[in-house]
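Q: Using only what follows, build the 3D model:
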Amino acid sequence: MNTSRNIRQCYNETQARIVQYLKGGLEKGKTYFKSKYIARELGLSPKEVGTNMAILSEICQELAIIKWSYSNSTTWMVTSRSV
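A: A predicted model of the protein is given here:
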């Protein structure tokens, strides 16, 4: 499938891993994601996740990523965009 190839071409490696993680979460019915839990799952720092999530919120065409709240970690609301 060309989807993962397109992801690698559009984003750096960290961003591509985050997008894949978010898509997997969406498939399981999740909508809200905390930076610290994404970081734990992907072996990244929460700051690294937060920085890349902010970038992805601006450039990601397939997901709508919105900074939602802060309580012990930034929470992001993620939904799929109709392409």
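Q: For the protein, which helix or strand comes out least confident on mean pLDDT?
A: Within the chain, no helix or strand scores below helix 3-10, which has a mean of 60 by mean pLDDT, DSSP states H and E.
Q: Let me know the next secondary structure element after that one.
A: Per DSSP states H and E, helix 3-10 leads on to helix 13-27 as the next helix or strand towards the C-terminus.
Q: Going by neighbour count, which residues of that following helix are buried?
A: For helix 13-27, the neighbour count (16 or more other C-beta atoms under 10 Å) marks 14-23, 25 as buried. Every residue, glycine included, has its C-beta placed from N, CA and C.
Q: go on, stretch 45-63?
A: 46, 48-50, 52-53, 55-56, 60, 63.
Q: Restricted to helices, list these.
A: Among the buried residues of stretch 45-63, DSSP state H puts 46, 48-50, 52-53, 55-56 in helices.
Q: ok, so of those, who is nearest residue 81?
A: Closest to residue 81 out of those is residue 56 (12.1 Å), distances taken as C-beta to C-beta.
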